[in-house]
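A.B. asks: based on what follows, work out the 3D shape:
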Amino acid sequence: MHERRHGHGTNSPDYLPAAGHDALLPAYDLISRLLGAARMHRRLAELADLGPKQGTAQRVLEIGCGTGNLTTLVKRRQPGAEVVGLDPDPRALAMATRKAAGLGVRFDQGYSQALPYPDDSFDRVLSSLMFHHLDPEEQRGTLAEVRRVLRPGGALYLVDFGAAPGGPGLLRRLRPHRIAGNDIAGNDIAGKDADTLTRLMAEAGFGDAVELDRARTRIGAVSYYRGTA
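C.D. replies: So this is what the prediction gives:
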């Protein structure tokens, strides 16, 4: 759920820690459960159609996997799938690795705009509440990299703050990014215009770029998107 940020000072990491601050990381899973993130993850997994294709298990990558809640869910639902989680935060990855012990999930450290994988590597790429953390240049770079690593016919499935009606949810009111000294709400392109993200996906070479669904959750309005390679 977190990715790159611009650091403040020489000791600041260049990513946004879970819930906006390193100190909140131990409580991140509890916060996620209270805010209903599990329901959002289940919906994304359902939309992504992760079952075997023509008898062959899919290769699935989650970018900005954080502590691995979505990654672990995918592997439990599809034990035969090869599932990989990517995140820049070593502390979050350590938690994810412990959580997924014995499941056969691989976790890698890295950034979505510089994916450490060869072309045509994955059938599905997933992203959950990460994309709005990126500035516009990083958003375009991420989409280009995702398009590169997807196999022909593969797809990106993404959920982020969206354009559903109603006021901001609890997470938006709390503004954890301000707690971190890094207000990046202006990058929430999905919330500004439901067509913005699909346009960026199309510009990156995705076909069938579409908003699939909208929902109101405790963390606010979210939208689900798909872009096909």
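A.B. asks: drop to CA atoms for contacts and neighbour counts, all remaining ones
C.D. replies: Noted.
A.B. asks: run the chain-centre distance for the longest helix seen in the chain.
C.D. replies: Counting residues, the longest helix found in the chain (DSSP state H) is helix 136-149. The chain centroid and the centroid of helix 136-149 are separated by 13 Å, computed with C-alpha atoms, centre = their mean, to the nearest Å.
A.B. asks: tell me what it is packed against?
C.D. replies: helix 194-203 (3 or more C-alpha pairs under 8 Å, 6 or more residues apart in numbering; DSSP states H and E).
A.B. asks: what is the helix it packs on packed up against?
C.D. replies: helix 136-149, helix 189-192, strand 207-217, strand 220-228.
A.B. asks: give me whichever of those is most buried.
C.D. replies: strand 220-228 (a mean of 23; mean count of other C-alpha atoms under 10 Å).
A.B. asks: quick one: strands adjacent to that one?
C.D. replies: Partners of strand 220-228 in the sheet, by DSSP bridges, are strand 150-161 (antiparallel), strand 207-217 (antiparallel).
A.B. asks: of these, give the one that comes closest to Leu35.
C.D. replies: Nearest to Leu35, of all these, is strand 207-217, at 7.9 Å by C-alpha to C-alpha.
A.B. asks: could you dump the closest one to CSV, C-alpha only?
C.D. replies: Taking C-alpha atoms only, strand 207-217 is exported to CSV below (Å, rounded to 0.1, in the frame of the first residue of the first chain):
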residue,chain,number,x,y,z
GLY,A,207,-5.9,-1.8,-24.2
ASP,A,208,-9.3,-2.1,-22.6
ALA,A,209,-8.4,0.4,-19.9
VAL,A,210,-11.6,0.7,-17.9
GLU,A,211,-13.0,1.5,-14.4
LEU,A,212,-14.7,-1.7,-13.3
ASP,A,213,-16.4,-0.8,-10.1
ARG,A,214,-16.8,1.8,-7.4
ALA,A,215,-17.5,1.4,-3.7
ARG,A,216,-17.8,3.3,-0.5
THR,A,217,-15.6,1.9,2.3
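A.B. asks: I'd like the distance between the closest residue to Arg216 other than its chain neighbours and Gly141.
C.D. replies: Leaving aside its sequence neighbours, Arg216 sits nearest to Val222 (C-alpha to C-alpha, 6 or more residues apart in numbering; 6.4 Å). Val222 sits at a distance of 22 Å from Gly141 (criterion: C-alpha to C-alpha, to the nearest Å).
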